[in-house]
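In: Turn this into a structure:
(one chain, ligands or ions: 1)
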Amino acid sequence: MLQITGVSRRFGDVTALSEISLEIRQGEFFALLGPSGCGKTTLLRILAGFESPDSGTVTLDGADLLSQAAHRRPVNLMFQSYALFPHMSVAKNIAYGLEREKLPKAEIRERVEEVLEKVGLSAMAKRRPQQLSGGQRQRVALARAIVKRPRLLLLDEPLSALDKKVRAEMQLELKRLQHEVGITFVVVTHDQEEAMSLADRIAVFSAGKVEQVDAPVTLYERPRTPFVADFVGANNLFEGKACADGLSSDALGVLPGLSDLEEGAPALLAVRPERLRLVSWTPADTEDETAEETVAEDATPEGESVEETAAGAEGADGTEDADDTEGAEGDEGAEAAEDAEGTQDAAGDESAESSEDAEGVESAEDVKDAESAEDVKDADAETAEDTEAAEGTQDAADAEGVGSAEGAEAAEDAADAEDVESAEDVKDAEDVEDAGGVESAEEAADADAEDPEGAEDAEDAEGVEDAGGAEAAVSPVAGEGVLRGKVADVSFYGGISHVSVQVDGRPTPVLVATQGATQVQAGSSVALTWAAEDGVLIPQ
Ligand SMILES: Nc1ncnc2c1ncn2[C@@H]1O[C@H](COP(=O)(O)OP(=O)(O)OP(=O)(O)O)[C@@H](O)[C@H]1O
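Out: Residues are numbered from 1 along each chain as shown. I've put the predicted structure just below:
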């Protein structure tokens, strides 16, 4: 519908726009997003006809727009200041443009009434602008812009004059209205949240250039330039070089991510705070299972998944997870088992209480067989520490299936695993039948099928009894990364805990966001992991 091709504009030494090309579709809510001075208003003014480009073309439905005078373009611009006439009533303000077009009075009245109703201001038709609130004035400006039924409505920072609460209401209103009138909206904003919540697609501008054009979710999840990764939402960015498994960083080692970049190419790895998982970790010199559990519990108060639970479980959950280690992937198992150990050892602490409480829970019966713990050795354990995990699991079994609801659910999963024939570890899955708390024996079996070496590794691990220690809890499996550090700060707002972690070898803290309130405290030692698919590699 609107085709912008190679548009450039300079003001003296300043390049406001450099070779901008964009295609905006019919009926789309399109946002031009960028920091102050990046050229977005200049582009809007070019579209409106208040400015001319030095070069480039703009067509609307195939017709050249630039050769048409501003007032002849089927385009309307809604100013940031609303530019209402103070001496005219609301209805007069809205009718003004139509009167200038010399439309019949009856038609003008009809259209004004219709649009007043759309913006919910019928009752205020006779008021003057100064008798209205900010939000109401904004609606008048909007009504005045759409009453002319333009093909394209340009909005320059339409909500910036409103206070926060009204702005949130008007965002919804604007979206609803755009949908209702079906006019293509192009909105300029420097507020990324506003752009994300309003627009179907966003063009991110930086220094007169378009960095990326995409739907909000894609921009957020797959930023293609360092600028976008940094500008759109909070992100953790790591510098290094692309490698087969992600990013190779001099200071931090190999960090997992998905990449189609050439090996050795300078790159940034971006991982969103909510994609990071806090994992328990006790530094070797202060090894102490209770400490480990404390961090763990705090990290995942809701224990939504086994890995998270394993990462953050208090004793009871940890024990359940230990049962999970059957046929489960290595490090989860290891972590879980360690938690299990913690459960047993942590007499009198919260976790032990939880274990006791859990007795009598249905799933507890499922853990009747301590033998199942030995199946850990058949799991995809890649590290020697998993052996220790197995021992821990035995303990866990002793702890009597501390499992609660999760355990019961998991047992069902485990039972499903009987059907799995593909992996050698299916035999483990059979054992799992009796076990509580398996996240999904099916998954485990699948994992084994994909990675038969894992089982061998695990067997090797049997012989390495002394290995492990606290770090076993965070040994990575393929596709997972590990950074270790200390919690620098914790804050809670918007229902989310924001934890910043100071990581050795990195000047700025790593940000982690977890759902709900956390009790993780400043000074705790934690490890951070993420899945490879959550690490986005961006060329530099
Ligand atoms: N008429 C002008 N004369 C000289 N320089 C100009 C003029 N208009 C814009 N510029 C410069 O061009 C650059 C882009 O300005 P523009 O107003 O398009 O940015 P913007 O992204 O809309 O910023 P903001 O969000 O602050 O409005 C800026 O450096 C600005 O100072």
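
In: what about the nearest residue to residue 28 once chain neighbours are set aside, distance to the ligand?
Out: Counting by Cβ to Cβ, 6 or more residues apart in numbering, residue 28 lies nearest to residue 200, which is 5.1 Å off, once chain neighbours are set aside. For the C-beta atoms, the positions are set from N, CA and C on the backbone; glycine is no exception. To the ligand, residue 200 is 21 Å away according to Cβ to the nearest ligand atom, to the nearest Å.

In: Could you check the pLDDT of residue 200?
Out: Residue 200 is assigned a predicted lDDT (pLDDT) of 96.

In: Quick check on the closest residue to residue 534 other than its chain neighbours: phi, psi?
Out: Counting by Cβ to Cβ, 6+ apart, residue 534 lies nearest to residue 275, which is 3.9 Å off, once chain neighbours are set aside. Main-chain torsions, residue 275, degrees, to the nearest 10: phi -90, psi -10.

In: so residue 275 touches residue 531, yeah?
Out: Yes. Residue 275 is within contact range of residue 531, at 7.5 Å (criterion: Cβ atoms under 8 Å).

In: Looking at these two, which has the bigger crowd around it?
Out: Using other Cβ atoms under 10 Å as the criterion, residue 275 and residue 531 rank with residue 275 on top: 19 against 16.

In: tell me the contacts of the more buried one?
Out: 530, 531, 534 (Cβ atoms under 8 Å, 6 or more residues apart in numbering).

In: now, which of those sits nearest residue 217?
Out: Nearest to residue 217 among the contacts of residue 275 is residue 534, at 14.4 Å by Cβ to Cβ.

In: What separation is there between that closest one and residue 272?
Out: Computed as Cβ to Cβ, to the nearest Å, the residue 534 to residue 272 distance reads 7 Å.

In: ok, now residue 515?
Out: Applying Cβ to Cβ, the value for residue 515 to residue 272 is 13 Å.

In: Equivalent analysis for residue 130, please.
Out: With distances taken as Cβ to Cβ, residue 130 is found 45 Å from residue 272.

In: which of these two has more neighbours?
Out: Neighbours were counted for residue 130 and for residue 272 using other Cβ under 10 Å; residue 272 has more, 21 against 9.

In: Excluding residues flanking it in the chain, which one is nearest that one?
Out: For residue 272, the spatially nearest residue (Cβ to Cβ, 6+ apart) is residue 235, at 6.0 Å.

In: try residue 251
Out: In space, and not counting its chain neighbours, residue 251 is closest to residue 505: 3.4 Å by Cβ to Cβ, 6+ apart.

In: Now do the residue nearest to residue 534 against the ligand, distance only.
Out: Counting by Cβ to the nearest ligand atom - residue 275 and the ligand are separated by 30 Å.

In: try residue 234
Out: Relative to the ligand, residue 234 is positioned 21 Å away (Cβ to the nearest ligand atom).

In: With residue 29 instead?
Out: Distance of residue 29 to the ligand, computed by Cβ to the nearest ligand atom: 19 Å.

In: what do you get for residue 75?
Out: As judged by Cβ to the nearest ligand atom, residue 75 and the ligand stand 17 Å apart.

In: what does residue 66 give?
Out: 17 Å.

In: pretty sure that residue is in contact with residue 54, am I right?
Out: No. With contact defined as Cβ under 8 Å, residue 66 does not count as touching residue 54 (11.5 Å).

In: Tell me which of these two has more neighbours.
Out: With neighbours defined as other Cβ under 10 Å, residue 66 and residue 54 compare such that residue 66 has more, 16 against 12.

In: Run through the stretch 401-540 of the chain and note the low-pLDDT ranges.
Out: By pLDDT under 70, the low-scoring segments of the stretch 401-540 of the chain are 401-481.

In: rerun at 80
Out: Judged by pLDDT under 80, the stretch 401-540 of the chain has its weakly predicted residues at 401-482, 519.

In: Give the closest residue to the closest residue to the ligand within it in space, chain neighbours not counted.
Out: Taking Cβ to the nearest ligand atom, the ligand has its nearest neighbour within the stretch 401-540 of the chain at residue 538, 23.0 Å off. Excluding the flanking residues, the one nearest residue 538 by Cβ to Cβ, 6+ apart is residue 268, at 4.7 Å.

In: tell me which element that neighbour is part of?
Out: Using DSSP states H and E, residue 268 sits in strand 266-271.

In: Strand partners (parallel or antiparallel) of the helix or strand following that strand?
Out: With elements assigned by DSSP H and E, the helix or strand that comes after strand 266-271 is strand 277-280. Sheet pairing of strand 277-280 (DSSP bridges) gives strand 525-529 (antiparallel).

In: hang on, the earlier thing: buried sites along the strand holding residue 268?
Out: Using 16 or more other Cβ atoms under 10 Å as the test for burial, strand 266-271 gives 267, 268, 269, 270, 271.

In: Please consider this matter closed, and thank you.
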